[in-house]
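Engineer: The sequence isn't on hand, but the structure is:
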């Protein structure tokens, strides 16, 4: 098994934000980790990340916004400089040998960013030309790709005439035109309607079958679960778990997760919940109390009584069976979105 | 042999990505892209860059001489300045304005930043493409000026080397300035910057009057030396209307070399900072 991607002690700090002068939305910002109010010093977007992705693997980076997924992709695709640590992609170092890395990768960005001054097919032809492909070959391949991605009839259209889903497909075609060994996709299905999302899944499965290494970030559990060979769960710049979806699911805390949202601090309810028979584990976070029940939803009345006994009233109840979702909650203490 | 998947497409081979891509081929492709976009937007480009100089030619090179407010020789001093303005204005705009889109919300330039060449090459290509557009508009404005202003006493194209040299240096200086402005200034403020930087630059750039004419206002004479346009206009006078008193060609050319180098170096840094997030 050869490594397609390897990172060691990868760290990225962004300078502490300075109050912006002037008005206007300013340049686009990466989602940043949540900082406690009054925190000082640099923002750590990525903290000591070690990853190994094998050749031909479909690898998922799973985490909430600001977890460090986009920063990781940025570093691996040579567009963001790491503060320290090392990373190599397709056998080349992302800092020392960035040109070679770029030659071997294709990138599908979070937001479609086609060259709006060019037509659809020109986007592909020029991108191929930036990789040294002769025009004739590029045009033929470009048309084939557009056809395969279901936007063949749009070849001569202006980019602005494409819908969001079609633009996303153009981005995939662009990322594939130069036959990259490793394909990076950053939240490729955000903003797609369900039909377009399913179509994209099919395309990705197809690419995976061809033996291409694929690295995808997502904050959709289902997507990660269905597509990926292995998943890394990242939160606040740290790697929390990394395994196949099956083995990760097996690590999820047993029992059904019952979440009660209360009208105030939930910590006082935890002790009362723990003595209920059938509760495996209970914890609180602000006004939410989470209990893992071995008897499914049957324990709901007892939990409500426990909350009311502690002087709280219940505003909302949520049930989840053991899944990547419950694993994620138990690892990070919060939900994905 | 392992079973092949049920797709008609061949499996990924390791052959891809091992041939190094020729840097000059990629540079050529980047240049072709900018030229195609420029060609498509040619009418807008010409209006944007020629409107200002042509209006000046009509008022100062045609109406005022006709009214007798300026002496006949004024057009000789004005023409090189007008060419300098078209050159500078189009070069600076050709690079800085597309940067708003390139580094805007979706970062359209990303498809070029992903090209397998050193990133500074992308910045250099922008400067060269901008300079070519500057030269183009200088070439277009010359016959227009000649038609509107009539015969221009003392105009000569005998001195080929100074002529080509000043045009090239002037275009490079301003396209490099465009790179700096386009990457150092927030996209939303580019319009404002044109009012604050470019407008005074045009008026105090010795384009509409020769630098030696400022001998009578010594403070201005030395203050305007911070303005790069002065060296383009004066260099142009030295090259095509050498009879008009002008700054020594060696001095204006040296200043342009320094300014072009400085803007290029600084612009490259701000470009890289922006490109590398």
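Structural biologist: Structure's in. What do you need? Note that the structure is predicted; figures quoted are calculated from it, not measured. Numbering: from 1, shown residues only, chains lettered A, B, ... in the order given.

Engineer: contacts, neighbours, all on C-alpha from now
Structural biologist: OK.

Engineer: Please identify which helix or strand holds the residue positioned nearest the centre of chain B.
Structural biologist: A centroid search over chain B (Cα atoms, centre = their mean) returns residue B:91, at 1.8 Å, as the residue closest to the centre. Under the criterion of DSSP states H and E, residue B:91 resides in helix B:74-102.

Engineer: Could you do residue A:247 as well?
Structural biologist: helix A:245-251.

Engineer: Just the buried residues of that helix, please?
Structural biologist: A:245, A:248-249, A:251 (16 or more other Cα atoms under 10 Å in any protein chain shown).

Engineer: Which residue is the nearest non-sequential neighbour of residue B:25?
Structural biologist: residue A:132 (6.4 Å; Cα to Cα, 6 or more residues apart in numbering or on different chains).

Engineer: Does that neighbour fall in a helix, a strand, or a coil region?
Structural biologist: Classification of residue A:132 using DSSP: H, G, I helix; E, B strand; the rest coil returns coil.

Engineer: Also residue B:26?
Structural biologist: Going by three-state DSSP: residue B:26 is helix.

Engineer: Quick check: the residue nearest to it when sequence neighbours are not counted vs residue B:122, distance?
Structural biologist: What sits nearest to residue B:26 in space, not counting adjacent residues and going by Cα to Cα, 6+ apart, is residue A:130, at 4.9 Å. In this view, residue A:130 and residue B:122 are 11 Å apart by Cα to Cα, to the nearest Å.

Engineer: Does chain A have contacts with the helix or strand bottoming out on mean pLDDT in chain B?
Structural biologist: Lowest by mean pLDDT, DSSP states H and E among the helices and strands of chain B is helix B:190-193, with a mean of 84. No: against chain A, helix B:190-193 shows no contacts by Cα under 8 Å from any Cα of the partner chain, the least distance being 12.7 Å.

Engineer: Quick one: list the elements packing against that helix.
Structural biologist: Where contact means 3 or more Cα pairs under 8 Å, 6 or more residues apart in numbering or on different chains; DSSP states H and E, helix B:190-193 is not packed against any helix or strand.

Engineer: Between residue A:130 and residue B:122, point out the one with more neighbours.
Structural biologist: More neighbours surround residue A:130 than the other of residue A:130 and residue B:122, with 29 against 22 (other Cα atoms under 10 Å in any protein chain shown).

Engineer: Please list all residues in contact with that one.
Structural biologist: For residue A:130, the contact set (Cα atoms under 8 Å, 6 or more residues apart in numbering or on different chains) comprises B:25-27, B:29-30, B:112, B:115-116.

Engineer: mind putting the residues you listed in JSON lines, pLDDT included?
Structural biologist: Shown next, in JSON lines, are those (pLDDT from 0 to 100):
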{"residue": "B:25", "pLDDT": "93"}
{"residue": "B:26", "pLDDT": "94"}
{"residue": "B:27", "pLDDT": "95"}
{"residue": "B:29", "pLDDT": "96"}
{"residue": "B:30", "pLDDT": "96"}
{"residue": "B:112", "pLDDT": "95"}
{"residue": "B:115", "pLDDT": "95"}
{"residue": "B:116", "pLDDT": "94"}
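
Engineer: Now tabulate the residues you listed in a markdown table and tack on neighbour count.
Structural biologist: Output for the contacts of residue A:130, formatted as a markdown table (neighbours: other Cα atoms under 10 Å in any protein chain shown):
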| residue | neighbour count |
| --- | --- |
| B:25 | 16 |
| B:26 | 26 |
| B:27 | 20 |
| B:29 | 22 |
| B:30 | 23 |
| B:112 | 19 |
| B:115 | 25 |
| B:116 | 24 |
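
Engineer: where do the helices sit along the stretch 201-337 of chain A?
Structural biologist: Secondary structure of the stretch 201-337 of chain A (DSSP state H, counting those that start in this stretch): helices at A:221-227, A:245-251, A:267-274, A:300-309, A:324-332.

Engineer: The stretch 1-150 of chain B now?
Structural biologist: Going by DSSP H, counting those that start in this stretch, the stretch 1-150 of chain B shows helices at B:23-40, B:42-56, B:64-67, B:74-102, B:110-113, B:119-149.

Engineer: Ranking those by mean neighbour count, which comes first?
Structural biologist: Comparing these by mean neighbour count (mean count of other Cα atoms under 10 Å in any protein chain shown), helix B:74-102 comes out on top with a mean of 27.

Engineer: Does that one pack against any helices or strands, and if so which?
Structural biologist: If contacts are counted by 3+ Cα pairs under 8 Å, 6+ apart, helix B:74-102 sits against helix B:42-56, helix B:119-149, helix B:160-184, helix B:228-240.

Engineer: Quick check: which ranges of the chain have low pLDDT?
Structural biologist: Picking chain A for this. A:1, A:17-40, A:336-337 (pLDDT under 70).

Engineer: hm, I was asking about chain B
Structural biologist: B:1-18.

Engineer: 50 instead?
Structural biologist: The model of chain B has pLDDT under 50 over residues B:1-16.

Engineer: hang on, the earlier thing: next helix or strand past the least confident helix or strand of chain B?
Structural biologist: Trace forward from helix B:190-193 with DSSP H and E and the next one is helix B:199-203.

Engineer: Return the set of buried residues in that following helix.
Structural biologist: Buried-residue list, helix B:199-203, by 16+ other Cα under 10 Å: B:201-202.
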